[in-house]
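Trainee: build me a model from this:
(one chain, ligands or ions: 1)
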Amino acid sequence: MCGIVGILGHGPVADRLLDGLKRLEYRGYDSSGMCTVHDGQFDRRRAPGKLANLARRLAEDPLPGDGGIAHTRWATHGAPTEDNAHPHIVGDVVLVHNGIIENFKPLRDELIAEGRQFLSQTDTEVVAHLVDRELSRGFKPKEAVANVLPRLHGAFALGVMFKSEPDLLIGARLGAPLTVGYGDGENFIGSDALALAPLTQRIAYLEEGDWAVVTRAHVQVYDKNNEAVERPIVNSGASGQLMDKGNHRHFMQKEIYEQPVVVAQTLRSYLRPLEEQVALPDMEFDLAGVERVAIVACGTAYYVGMIGKYWIEQLARIPVEIDFASEFRYRDPVFTPNMLGVVISQSGETADTLAALRHMKESGLTTGGIINVPTSSMAREVDLLLPTHAGPEIGVASTKAFTCQLAVMAALAVNLARAKGKLTAEEEREIVHHLREVPEAMSHALGHDAEIEAIAPKIAAARDVLYLGRGPEYPMALEGALKLKEISYIHAEGYASGEMKHGPIALIDDSVPLIVIAPSGPLFDKTVSNMQEAQARGAQVVLISDAEGIAQAGENTIATIEMPKVHPLIAPLVYAVPVQLLAYHVAVFKGTDVDQPRNLAKSVTVE
Ligand code: M6R
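Mentor: Residues are numbered from 1 along each chain as shown. Sure, this is the predicted structure:
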């Protein structure tokens with residue numbers, strides 16, 4: 001799960017490779033490296049840790065050469081050390097890799113038995129050896145790669161260069177994305193269109209099993225049967241600008257604050273204010289025929305799916321199944337006629353979700369996708385694209401993508417309900433009215449930032465934190481716990497509030513903060529009863545509710561966070577804000593790396 005960029009240019013390429021890596025750092029930041037072919041030699045710089053370390057090394061010891069490959073790594077095999085950083089050099093071959101070579105062990109054993117020596121613990125180095133072995137058997141570089149590709153099992157995108165052929169760059173993909181960029185007398189490969197955006201907008205997306213032979217003057221793509229094929233060159237439309245934090249300390253903070261604007265932006269493309277209706281993009285698919293919905297996603301996007309299940313079942317009366325994408329295929333799901341498959345993903349590249357999407361398509365389902373990156377693999381592969389308009393999300397912890405996904409999920413639920421004849425025009429008008437209140441309610445929630453910051457030290461001292469919610473606030477509790485875990489490294493769990501007494505209540509004592517998400521409304525009293533059961537056992541409660549809820553149950557808490565009074569349908573969008581801010585301030589208080597927390601990557605492109 002890494003980022004690849006390769007350039008055959010005129011003039012030095014190191015700066016442009018580094019810029020490409022900056023755009024790919026969301027794929028991993030355990031180590032990075034770069035290699036050019038210069039005067040018939042490889043010249044390489046590598047550094048463990050963040051890309052800034054490689055940039056420093058390059059500044060001290062610049063890398064000449066007008067052709068090269070570069071890589072940012074999320075470690076799968078081998079620790080994030082310099083030896084394990086890509087590119088890997090074996091003889092005449094230098095290679096970068098994204099993905100996992102699942103059969104690397106027998107291949108490595110085979111190569112070791114032939115006397116080959118390995119300098120890293122990576123699966124990648126095996127591929128470099130295999131290509132080098134083909135060269136030593138007399139094959140030309142192109143044939144050598146063609147011979148090796150069928151031996152690799154798993155998922156990979158590769159970039160390969162050769163000392164003896166400085167005007168040759170070979171890219172290959174299977175299960176991991178790779179694009180070819182077309183320039184003017186220079187050509188490129190990259191993990192995505194964003195990486196290549198400042199270099200070119202003319203992009204071809206390689207298909208499964210494709211490999212591309214790239215020179216400065218020409219690109220030839222071959223399919224998995226080694227037949228020469230044409231892949232359409234499209235305008236990527238990806239922005240060449242690098243994002244900045246503006247006046248904010250972290251991208252996560254900026255992205256939390258962007259929510260009223262980006263959610264309004266997203267809603268604008270789904271609401272028809274004149275007709276007071278909720279619409280979806282034009283599609284040749286009749287939602288009235290949908291009899292079941294299967295939602296698949298990972299992490300934060302999965303919690304959007306959980307909330308979607310409440311909404312779709314309640315509004316449209318259609319049964320919804322929801323799965324972690326990583327579990328979906330392996331439980332051999334039962335597909336029924338007229339089932340709609342829905343994937344949710346910020347990046348559109350998450351390997352588990354992408355594989356689940358393909359499984360649904362192969363099984364004959366029509367698929368919809370709530371996706372943020374319009375150039376992503378999922379955005380290109382779903383039948384019905386339901387875009388979110390959150391803009392680039394840089395912080396590893398998903399915030400604005402989450403609320404924009406919720407906005408689109410609400411639009412889908414309403415459209416299904418109308419198509420199924422379960423919603424009157426009046427009811428739909430009322431929903432439109434509530435959805436239009438969301439941006440203002442979110443701004444109101446952001447107004448409580450300073451109070452939330454003041455609560456953070458009380459949470460930061462804890463070893464464990466529990467979150468409780470009921471109904472759609474249960475997934476919010478899960479999301480709150482995930483946010484806190486990933487950026488503050490505090491152990492946190494979310495529970496359906498009624499489940500507390502079936503086990504987790506044993507965890508409660510006065511060292512365990514309990515964050516209760518409970519807007520006043522139909523589920524409030526029940527949630528508060530569960531909260532009080534925990535308080536009776538010493539729980540230190542932070543209650544997130546509206547004025548009415550706080551007046552009723554705010555006593556004996558260590559803090560309350562007041563939200564505006566909102567309709568239950570839009571509560572998850574609004575209550576996301578304090579949950580995100582709390583995690584953010586706890587992490588800042590603890591001094592963790594908020595935007596790039598340890599061990600994580602923004603986009604998880606391995607299974
Ligand atoms: O790009 P995706 O939405 O498919 O990513 C899914 C998860 O990896 C992601 O939501 C992850 O859980 C976030 N880091 C949570 O903040």
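
Trainee: get me the contact residues on the stretch 351-500 of the chain for the ligand.
Mentor: The stretch 351-500 of the chain has residues 353, 396, 397, 398, 482, 486 near the ligand, with proximity defined as C-beta under 6 Å from any ligand atom. Bear in mind the C-beta positions are built from the backbone N, C-alpha and C, glycine included.

Trainee: now do 8 Å
Mentor: The stretch 351-500 of the chain comes close to the ligand at residues 353, 372, 396, 397, 398, 399, 401, 402, 405, 482, 483, 486, as judged by C-beta under 8 Å from any ligand atom.

Trainee: now swap in the stretch 151-300 of the chain and tell me
Mentor: Residues of the stretch 151-300 of the chain lying close to the ligand (C-beta under 8 Å from any ligand atom) are 297, 298, 299, 300.

Trainee: my guess is the second one meets residue 351, correct?
Mentor: No: using C-beta atoms under 8 Å as the test, residue 298 is too far from residue 351 to be in contact (9.2 Å).

Trainee: which neighbours do those two share?
Mentor: Both residue 298 and residue 351 are contacted by residue 604, under the criterion C-beta atoms under 8 Å, 6 or more residues apart in numbering.

Trainee: could you check which residue of this protein lies nearest the ligand?
Mentor: In the chain, the residue that lies nearest the ligand is residue 299 (1.9 Å; C-beta to the nearest ligand atom).

Trainee: now do the same contact list for that residue.
Mentor: 398, 482, 604.

Trainee: for it, give me phi and psi.
Mentor: Taking degrees, to the nearest 10, you get phi 60, psi -130 for the backbone angles of residue 299.

Trainee: hang on, the earlier thing: just the buried members of the contacts of residue 299?
Mentor: If you count burial by 16 or more other C-beta atoms under 10 Å, the buried members of those come out as 398, 482, 604.

Trainee: once you drop chain neighbours, what's closest to residue 63?
Mentor: Nearest non-adjacent residue to residue 63, counting by C-beta to C-beta, 6 or more residues apart in numbering: residue 14, 4.2 Å away.

Trainee: next, count neighbours for that neighbour.
Mentor: The tally of other residues near residue 14 (other C-beta atoms under 10 Å) stands at 20.

Trainee: so it touches residue 34, yeah?
Mentor: Yes: under the criterion of C-beta under 8 Å, residue 14 makes contact with residue 34 at 6.5 Å.

Trainee: between the two, what contacts are shared?
Mentor: The contact lists of residue 14 and residue 34 share 58, 63, 68, where a contact means C-beta under 8 Å, 6+ apart.

Trainee: ok, the residues you listed vs residue 327, which is closest?
Mentor: For the shared contacts of residue 14 and residue 34, the residue nearest residue 327 by C-beta to C-beta is residue 68; the value is 39.9 Å.

Trainee: which parts of the helix or strand hosting the closest one are buried?
Mentor: Assigned by DSSP states H and E, residue 68 belongs to strand 67-73. Buried residues in strand 67-73, counting neighbours by 16+ other C-beta under 10 Å, are found at 67, 68, 69, 70, 71, 72, 73.

Trainee: show me what that strand is packed up against.
Mentor: strand 3-8, helix 14-24, strand 31-38, strand 93-101, strand 154-162, strand 165-174 (3 or more C-beta pairs under 8 Å, 6 or more residues apart in numbering; DSSP states H and E).
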